[in-house]
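# Sequence isn't available, so here's the structure alone:
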Ligand SMILES: [Zn+2]
């Protein structure tokens, strides 16, 4: 096993059990045979979040949870930071993709030695989605291939939104826009402590599932009308789902988050059906009104101290008489 393969975690158990079932000569469908093979890609070429951080080569917090949830749903979830698994010669093995990844994923990562995606792999991914494979973005996925300019990356166009900034972690309300979407059954408006992303470049054709209620939220990124926080859209024949939740490890423990995430995954790989016509203008009519940045209000203490020190140098105090 190579070092990179060793860092790829997955659920081998169903394959072993399937072999045992075959050896025993049981007939019929083997219940343990994975229905779908899904890549959980957690490379951090930007900020590395704690739920995707591996310590001592052990699976990350979210990887352990998603593999277990996958087993219950009959999915083989393969966790990896190896970008070459998306290369044209390897893309065909996946039924769907789940991304919790940041930065330009075609560049080397400081947080792991696994190879980055190749430009051909990035194209293969986008082509595979347009051709009908499922894609799920979690939390920081809209900070991948983040341009920071008006030139919107094709990855962001596929996903349907791009991070502007987030404010301090806080409790905020998620308002339900579609209670019929898979995983949303019996879900009502809820309040959750997490780090909330404020997005731009929102796809006009998206189907909003959960709305960020910005009333009372702290930080300039939320000084805007309510906006989509969890959504679904079609990219060609492919089903794309995104949720902004999932910064905190305790959110990953939350059964409500797990239910919504697994509903999105099931829909993305066509194991569940939903009506996903565009509703962004109806349920979040102010979504395209952007917040006005107030960088001073959200800068880190060290940066603030440096700025103030610079200001003191530029404007020396009047000498004492
Ligand atoms: Zn975060």
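Noted; the coordinates are in hand. If you're wondering where the values come from, they're calculated on a predicted model, not measured in any experiment. Numbers count the residues shown, from 1 in each chain.

# What residue in the chain comes nearest to the ion?
residue 247 (3.5 Å; Cβ to the ion). Using the backbone N, CA and C atoms, a C-beta is placed for each residue, glycine as well.

# Count the neighbours of that residue for me.
The tally of other residues near residue 247 (other Cβ atoms under 10 Å) stands at 21.

# Distance-wise, check it relative to residue 134.
Here the criterion is Cβ to Cβ, to the nearest Å. By it, residue 247 lies 23 Å from residue 134.

# repeat for residue 267
In this view, residue 267 and residue 134 are 8 Å apart by Cβ to Cβ.

# Show me the common contact partners of the two, please.
Common contacts of residue 267 and residue 134, defined by Cβ atoms under 8 Å, 6 or more residues apart in numbering, comprise 239, 241.

# pretty sure residue 122 is touching residue 107, no?
No: Residue 122 lies out of contact with residue 107 (Cβ atoms under 8 Å); the separation is 11.4 Å.

# ok, those two, which is more surrounded?
Between residue 122 and residue 107, counted using other Cβ under 10 Å, the more crowded position is residue 122 (21 against 13).

# so where does that one fall, helix or strand?
According to DSSP states H and E, residue 122 maps onto helix 119-130.

# helices or strands next to that helix in the packing?
Under the contact criterion of 3 or more Cβ pairs under 8 Å, 6 or more residues apart in numbering; DSSP states H and E, helix 119-130 touches strand 96-99, helix 154-159, strand 238-243.

# Tell me which of those lies nearest to residue 84.
Taking Cβ to Cβ, strand 96-99 is the member of these nearest to residue 84, at 14.1 Å.

# For residue 58, give its distance to residue 64.
Residue 58 is 9 Å from residue 64, by Cβ to Cβ.

# Spit out the residues that contact the two alike.
Going by Cβ under 8 Å, 6+ apart, no residue sits against residue 58 while also sitting against residue 64.

# neighbour-wise, which of those two wins?
Applying other Cβ under 10 Å to residue 58 and residue 64 shows that residue 64 carries more neighbours, namely 15 against 10.

# which phi and psi does that one have?
phi -60, psi -40 (degrees, to the nearest 10).

# separation between it and residue 244?
Per Cβ to Cβ, residue 64 is found 22 Å from residue 244.

# Please identify the buried residues of the helix or strand following the helix holding residue 122?
Counting by DSSP H and E, the next helix or strand C-terminal to helix 119-130 is strand 134-138. Across strand 134-138, burial judged by 16 or more other Cβ atoms under 10 Å covers 134, 135, 136, 137, 138.

# Let me have those residues in JSON lines, extended by distance to residue 155 and pLDDT.
Output for these, formatted as JSON lines (distance: Cβ to Cβ, whole Å; pLDDT from 0 to 100):
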{"residue": "134", "distance to residue 155": "15", "pLDDT": "98"}
{"residue": "135", "distance to residue 155": "10", "pLDDT": "98"}
{"residue": "136", "distance to residue 155": "14", "pLDDT": "98"}
{"residue": "137", "distance to residue 155": "9", "pLDDT": "98"}
{"residue": "138", "distance to residue 155": "14", "pLDDT": "98"}
